[in-house]
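Asks: predicted structure and sequence below. I'll ask about it afterward.
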Amino acid sequence: MGLKTFSIDFAELKSKESLRLWIPFVLPESKYKYDKINNFLSTCEAGNRPKGGIKDEDEGEAISLGGEQIGKGGSLELSKIPYVSFDFYESATKGKVQNNDILICKDGALTGKACWVDFSLFPSNKVMVNEHVYILRGNSEVNQQFLFYYTTTNLFQSQVKDLAYKKKAQPGLNADHFKKIKIPLIPKPNQDQIVAQIEPIEKKIKELKSQLKDPQEIINKVFAREFGFDLKKFEESKKVKFFEVEFSIISQTNDLKSNVSTSLNNKVNFQIPNVKYFKIKNIAKNIFAGGDMPKDFSEEKDETYKYPIFSNGKENLGFIAYCKKARVNDKATTISARGTIGFAVAREESYFPIVRLISVIPNEELILNEYLASIINFQSIEKTGNTIAQLTTPMVENIKIPVPELDKQRKIVDEIKAELDKQEEIKSKIESERNNIDEIIEKAIK
């Protein structure tokens, strides 16, 4: 009987919802043996959050870190700190953070991102993680700093991707995965030498980071300069919260109790002088919320999967994956409806928005897309729901923003872009130094 042969079109297989194709990661050859990373951990645990989520009244109490606080390059993103009550923190039996811990995002688009905990950066040492973050704490057999550097290398991250991204659903790490991730058995004295070699690079990175500015600070300064108002008074006004109920929104639902809560507009009591204000619905062609995640998507961009999928979040500007068909083909500003609430991004390319993201298609005869995103970020919009912080489409429609003439808008947009471009140059230098750290560890392993 002759041998039967078959040809497979991998592009066609890739489109099947029940299949996800990937190339298994193979550990590189090393002069050291590999062992399970789990054998070098004294702690590997996630935390949780109170029933009902984060509440405004807990602000200033115990810090609750999630994936959004794990920044690029192993640093913490603390521009917006979530809090839980002291009572919840004290009663928690897991997830309490110690100085010099390593935090790793365990699910979603940020899976595998790691950062180092430095308590000197926090307003309090009562810190815990939520259910989306693991705490890694090494045992006596490993240098904790070496362990951290290892979690940022391609060797570690490739293993994470191999385990967490196999499934067709959202990626995620579970506790069993740490029994499969391998670490080279480098003797501890050698680990100490590697850390000593990396320290000068870390010092250089720290100096570069000191030059970085919060994008929000840059945006605020440009608006203050161009509109001629007192930035200090503006910052003070943001600390004073007042609330307003939109009764037209309440009338849209029979669930009066729920909608009274979700219709509260947490605003800044500040107006730029000599500029007309408009509700967003009056300068937009369309405003709508994102839908469900497409079942058919790819982490890699190609001729078939060429449209980005965006959700809420600052990391990678909310990018999740690629899909076959775009829902939005016009220039649009997206606004995070949960998590990093109010964070706006000007989108120039066609895309597919999913849940927790609101899209605004501007009328560019009245307002530039880039200006719309910048002014929303400037106003630092925050909304509070009945139990979980959220922003809804009716809320966005009724937000008032200052809208000057188009030439003034263009000048503001160009100034902000020039300043942010300088920041990107600094970030590129930091990334280059981070790559040097990777090279040191990879060279030590070979």
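Replies: The structure has been received and is ready for your questions. Residues are numbered from 1 along each chain as shown.

Asks: please count neighbours and contacts with C-alpha atoms only from this point.
Replies: OK.

Asks: all helices of the stretch 101-250 of the chain, in order?
Replies: Taking DSSP state H, counting those that start in this stretch as the criterion, the stretch 101-250 of the chain carries its helices at 144-151, 154-164, 188-209, 215-227, 231-238, 247-250.

Asks: now swap in the stretch 251-400 of the chain and tell me
Replies: Using DSSP H, counting those that start in this stretch, helices in the stretch 251-400 of the chain cover 256-262, 369-379, 393-397.

Asks: follow-up on the earlier one: next, format the helices of the stretch 101-250 of the chain as TSV and append mean neighbour count, distance to residue 310 and mean pLDDT.
Replies: Output for the helices of the stretch 101-250 of the chain, formatted as TSV (neighbours: other CA atoms under 10 Å; distance: least, CA to CA, whole Å; pLDDT from 0 to 100):
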stretch	mean neighbour count	distance to residue 310	mean pLDDT
helix 144-151	21	26	94
helix 154-164	19	20	89
helix 188-209	15	28	94
helix 215-227	16	20	90
helix 231-238	13	29	71
helix 247-250	14	27	46
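
Asks: same list, the ones you listed, but as JSON lines with distance to residue 277 please.
Replies: Shown next, in JSON lines, are these (distance: least, CA to CA, whole Å):
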{"stretch": "helix 144-151", "distance to residue 277": "48"}
{"stretch": "helix 154-164", "distance to residue 277": "47"}
{"stretch": "helix 188-209", "distance to residue 277": "37"}
{"stretch": "helix 215-227", "distance to residue 277": "13"}
{"stretch": "helix 231-238", "distance to residue 277": "17"}
{"stretch": "helix 247-250", "distance to residue 277": "20"}
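
Asks: if we can go back for a sec, among the helices of the stretch 251-400 of the chain, which gets the worst mean confidence?
Replies: Of all the helices of the stretch 251-400 of the chain, helix 256-262 carries the lowest average pLDDT, namely a mean of 38.

Asks: confirm residue 98 sits in a strand?
Replies: No - Residue 98: not assigned to a strand; according to DSSP: H, G, I helix; E, B strand; the rest coil it is coil.

Asks: residue contacts, it?
Replies: Each residue near residue 98 by CA atoms under 8 Å, 6 or more residues apart in numbering is listed here: 117, 127.

Asks: roughly how far does it sit from residue 118?
Replies: 9 Å (CA to CA, to the nearest Å).

Asks: so residue 164 is in contact with residue 173, correct?
Replies: Yes - counting by CA atoms under 8 Å, residue 173 is a contact partner of residue 164 at 5.3 Å.

Asks: overlap in contacts of these two?
Replies: residue 111.

Asks: quick one on the thing from earlier: looking at the helices of the stretch 101-250 of the chain, which is closest to residue 331?
Replies: Checking the helices of the stretch 101-250 of the chain against residue 331 by CA to CA gives helix 215-227 as the closest, at 20.8 Å.

Asks: so who does the nearest residue to residue 67 once chain neighbours are set aside touch?
Replies: Nearest non-adjacent residue to residue 67, counting by CA to CA, 6 or more residues apart in numbering: residue 105, 5.3 Å away. If you count contacts by CA under 8 Å, 6+ apart, residue 105 has them with 66, 67, 70, 111, 112, 113, 114, 132, 133, 134.

Asks: nearest to residue 151, of these?
Replies: residue 114 (6.6 Å).

Asks: for this structure, which spans come out with low pLDDT?
Replies: 1-23, 166-170, 237-270, 381-389 (pLDDT under 70).

Asks: domain ranges for it, per the record?
Replies: 31-185, 230-271+276-403 (automatic domain parsing).

Asks: give me the distance from the last one to the chain's centre.
Replies: From the chain centre to the centre of domain 230-271+276-403 is a distance of 15 Å (CA atoms, centre = their mean, to the nearest Å).

Asks: picking up where we left off before, so which of the domains of the chain is nearest residue 418?
Replies: That would be, of these and by CA to CA, domain 230-271+276-403, which comes in at 13.2 Å.

Asks: what's the first-to-last distance across stretch 310-327?
Replies: 11 Å.

Asks: so residue 101 sits against residue 133, correct?
Replies: No - Residue 101 is beyond contact range of residue 133, at 12.0 Å (criterion: CA under 8 Å).

Asks: ok, the two, which is more surrounded?
Replies: The neighbour count for residue 101 versus residue 133, taken as other CA atoms under 10 Å, is higher for residue 133 (29 against 20).

Asks: quick check: the residue nearest to the more buried one when sequence neighbours are not counted vs residue 174, distance?
Replies: Nearest residue to residue 133 in three dimensions, chain neighbours excluded: residue 105, at 4.6 Å (CA to CA, 6+ apart). From residue 105 across to residue 174, the span is 11 Å (CA to CA).

Asks: and residue 30, by the same measure?
Replies: Distance from residue 30 to residue 174, by CA to CA: 27 Å.

Asks: same thing with residue 63?
Replies: Counting by CA to CA, the gap from residue 63 to residue 174 is 24 Å.

Asks: also residue 155?
Replies: Taking CA to CA, one finds residue 155 at 19 Å from residue 174.

Asks: show the contacting residues for the residue most central in space within the chain.
Replies: Centroid-nearest residue in the chain, with CA atoms, centre = their mean: residue 315, separated by 3.2 Å. The contact partners of residue 315, taken as CA under 8 Å, 6+ apart, are 68, 71, 72, 110.

Asks: cool, and residue 305?
Replies: By CA under 8 Å, 6+ apart, the neighbours of residue 305 are 297, 298, 322, 323, 324, 325.

Asks: who wins for most neighbours among these?
Replies: For the contacts of residue 305, neighbours tallied by other CA under 10 Å; top is residue 297, 27 neighbours.

Asks: quickly list what the closest residue in space to that residue that isn't next to it in sequence is bridged to.
Replies: With sequence-adjacent residues excluded and distances taken as CA to CA, 6+ apart, residue 297 is closest to residue 323, at 4.6 Å. Here residue 323 sits in beta bridges with residue 307, going by DSSP bridges.

Asks: buried ones in the longest helix along the chain, by neighbour count?
Replies: If you go by DSSP state H, the chain has its longest helix at helix 406-445. Within helix 406-445, the residues that count as buried by 16 or more other CA atoms under 10 Å are 409-410, 412-413, 415-416, 420, 423, 426-427, 430, 433-434, 437-438, 441-442, 444-445.

Asks: picking up where we left off before, between the contacts of residue 315, which is closest to residue 371?
Replies: For the contacts of residue 315, the nearest to residue 371 is residue 68 (24.9 Å; CA to CA).

Asks: which elements pack onto the strand or helix carrying residue 35?
Replies: Assigned by DSSP states H and E, residue 35 belongs to strand 34-36. Secondary-structure packing of strand 34-36 (3 or more CA pairs under 8 Å, 6 or more residues apart in numbering; DSSP states H and E): strand 182-184.

Asks: adjacent strands (with direction) for the strand it packs on?
Replies: Strand 182-184 is paired, per DSSP bridges, with strand 34-36 (antiparallel).
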